[in-house]
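*Asks:* Please work out how this folds:
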Amino acid sequence: MANADSARGMIAVDKMGGKVLFLNPVTYETEVVLDGFPRTVHELLVVPETGLAYVPIFGDGIHGRNPNPHHLLCIFDLEQRSHVGDIDLRPYIAPHTLKLGPDGLIYITCENSAVVSVIDRTSHKVVDAIDSGSTNGQNNFYLGASMYHINRPKVGFKDKNWYLTGRISIHGGGSFPISDMLTIHTSLIHQIQNKASETTVGAAIAANLNQDAEKPASVYIGSWVRFNDAIVPYIGIEFGGLRIGASYDFNISSLKAATASRGGSEFSLIYIKRPADYKGIPCPKF
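*Replies:* Numbering: from 1, shown residues only. Just a heads-up that it's a prediction; the model follows:
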């Protein structure tokens, strides 16, 4: 907030009441009430140098569950204390968090379209959209490839030397909510080196027990298969940004007689620390 001696006013968004308020910066009394907006006014960006403010109309739902998304970004004149126009973001819908970029453009997340729309403040038009890798703002998928030992390094053991053959790896996967509580996480990796190859594919279902998309408390159960080698069941829990997992390789290859079908156990520990005001886009979970 500006110093009370220099501040000319305050603007606030009443999400529950569906109103935009102008307040006295000294007494905090409401002086102007603007209403009649579609549901729901959401977030606020103030640009003091132009005397304008921007408020997105999100829709009548909440983050992760917004069945009737909207598509407007409302413009307010801070001097006149009035609603002076709208920016139609279609085909992008469910506008949410917005920021002013260092290039002077407005960047606003459109959740149900899974993009960040880019708005020119002079023309008040959408000039670009940055894709998030999702199809609806909630699911997401990824695909990648890599190559190792491109320069074929020389390795040796005692009096023998070999040139290491290159290895190619292709991987992909995704996360797909199937209800407010349940999400399926899938992954696949295929690797080739010389005459050897390996393919692993599988999935886990996650139950979000607190149904909080930002800070989930989840239980994971699933299994992966390494073709012609092993079955790998997996269990895990997630809470407070911490994910703990355990898996075990059950040998199903021709070596199972020698190993009595025994394999190896593996434990994982992942911690993700996010800023308190973090509002990001969906990312793959590994």
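*Asks:* Just to check, D249 is in contact with P233?
*Replies:* No: applying C-beta atoms under 8 Å, one finds D249 not in contact with P233, separated by 9.2 Å. Backbone N, C-alpha and C define where each C-beta goes, glycine included.
*Asks:* When the two are compared, which one has more neighbours?
*Replies:* Comparing D249 with P233 by other C-beta atoms under 10 Å, the one with more neighbours is D249, at 19 against 15.
*Asks:* Tell me where the stretch 151-286 of the chain is predicted with low confidence.
*Replies:* 261, 276-286 (pLDDT under 70).
*Asks:* Which parts of it are helices?
*Replies:* Taking DSSP state H, counting those that start in this stretch as the criterion, the stretch 151-286 of the chain contains helices spanning 256-259.
*Asks:* now the strands: where do they sit in it?
*Replies:* Assigned by DSSP state E, counting those that start in this stretch, the strands in the stretch 151-286 of the chain fall at 154-157, 160-163, 167-177, 182-193, 196-208, 218-226, 230-239, 242-248, 250-251, 265-271.
*Asks:* Contacts for stretch 39-59 next, please.
*Replies:* 11-15, 18-20, 37-38, 60, 66-79, 87, 93-100, 106, 108, 111-112, 121 (C-beta atoms under 8 Å, 6 or more residues apart in numbering).
*Asks:* mind redoing it with 6 Å?
*Replies:* Residues from elsewhere that reach stretch 39-59 (C-beta atoms under 6 Å, 6 or more residues apart in numbering): 11, 13, 15, 18, 38, 60, 66, 68-70, 72-74, 76, 78-79, 94-98.
*Asks:* got it, and stretch 78-92?
*Replies:* The contact list for stretch 78-92 (C-beta under 6 Å, 6+ apart) reads 22, 32, 34, 51, 53, 71-77, 95, 110, 113, 115, 117, 124, 126.
*Asks:* can you rerun that using 7 Å?
*Replies:* Here stretch 78-92 makes contact (C-beta atoms under 7 Å, 6 or more residues apart in numbering) with 9, 11, 22, 32, 34, 51-53, 71-77, 95, 110, 113, 115, 117, 119, 124, 126, 129.
*Asks:* One more: stretch 230-248?
*Replies:* Contacts of stretch 230-248 (C-beta under 7 Å, 6+ apart): 202, 204, 216-226, 249-252, 263, 265-274.
*Asks:* Tell me the buried residues in that stretch?
*Replies:* For stretch 230-248, a neighbour-count test (16 or more other C-beta atoms under 10 Å) marks A230, I231, V232, Y234, G236, E238, R243, G245, S247 as buried.
*Asks:* nearest to G173, of those?
*Replies:* Among the buried residues of stretch 230-248, Y234 lies closest to G173 (C-beta to C-beta), at 13.8 Å.
*Asks:* how near is that closest one to E79?
*Replies:* 59 Å (C-beta to C-beta, to the nearest Å).
*Asks:* Same check on L105?
*Replies:* Relative to E79, and taking C-beta to C-beta, L105 is found at 23 Å.
*Asks:* Quick check on those two: which one has the bigger neighbour count.
*Replies:* L105 (17 against 9).
*Asks:* quick one, what contacts the more buried one?
*Replies:* V118, I119, D120.
*Asks:* Now intersect these with the strands, please.
*Replies:* V118, I119, D120 (DSSP state E).
*Asks:* now these: which count as buried?
*Replies:* Listed as buried from these are V118, I119; burial here means 16+ other C-beta under 10 Å.
*Asks:* can I get the ones in strands among the contacts of L105 in TSV with distance to V46?
*Replies:* As requested, the ones in strands among the contacts of L105 are arranged in TSV below (distance: C-beta to C-beta, whole Å):
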residue	distance to V46
V118	19
I119	15
D120	18
